[in-house]
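**Q** One predicted model, sequence on top.
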Amino acid sequence: MAEIKYEIIEKIAVLSESTKGWKKELNLISWNGRDPKYDLREWAPDHEKMGKGITLSKEEIIELKKGLNNLDSIE
């Protein structure tokens, strides 16, 4: 399997942390030298290991923000 290269350009938010220290984070990341995208996934404390996640373009993150702003309440 080819090595995946990444660079965390900007740390935006930590959403939660497990008892083992893994953190669910929203970051701006460049994957394999490509243009950075917004990325939501779990990371090991040293950022050497990661869980499955999703990447979003700027346009997609704007639409997600609009949708979240439209929520009346979260129960």
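**A** Yep, that arrived. These numbers come from a predicted model, not from an experiment. Residues are numbered from 1 along each chain as shown.

**Q** Show me what the lowest-mean-pLDDT helix or strand in the chain packs onto, helices and strands only.
**A** Across the helices and strands of the chain, mean pLDDT, DSSP states H and E gives its lowest value to helix 58-69, namely a mean of 94. Counting contacts by 3 or more Cβ pairs under 8 Å, 6 or more residues apart in numbering; DSSP states H and E, helix 58-69 packs against strand 37-43. C-beta here means a position set from N, CA and C on the backbone, and glycine is covered the same way.

**Q** just the CA coordinates of the strand it packs on, formatted as CSV?
**A** Output of strand 37-43 as CSV, limited to C-alpha atoms (Å, rounded to 0.1, in the frame of the first residue of the first chain):
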residue,chain,number,x,y,z
LYS,A,37,-9.4,20.4,2.2
TYR,A,38,-11.4,20.5,5.4
ASP,A,39,-11.1,17.1,7.2
LEU,A,40,-13.1,15.5,10.0
ARG,A,41,-11.6,12.3,11.6
GLU,A,42,-10.2,10.8,14.8
TRP,A,43,-6.4,11.1,15.4
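
**Q** which other residues reach that strand?
**A** Residues from elsewhere that reach strand 37-43 (Cβ atoms under 8 Å, 6 or more residues apart in numbering): 12, 15, 18, 22-29, 31, 49-58, 60-61.

**Q** So which of the residues you listed belong to strands?
**A** Among these, the members found in strands (DSSP state E) are 12, 15, 23-29, 31, 50-56.

**Q** returning to what we had before: of the contacts of strand 37-43, keep whichever come out buried.
**A** 22-29, 50, 61 (16 or more other Cβ atoms under 10 Å).

**Q** of those residues, closest to Pro36?
**A** Closest approach to Pro36 among those (Cβ to Cβ): Leu28, at 4.9 Å.

**Q** Just grab the bridge partners of that closest one for me.
**A** Glu10, Tyr38 (DSSP bridges).

**Q** was I right about it contacting Leu56?
**A** No: contact criterion Cβ atoms under 8 Å: Leu28 and Leu56 do not qualify, at 10.2 Å.

**Q** Thanks again, I'm all set now.
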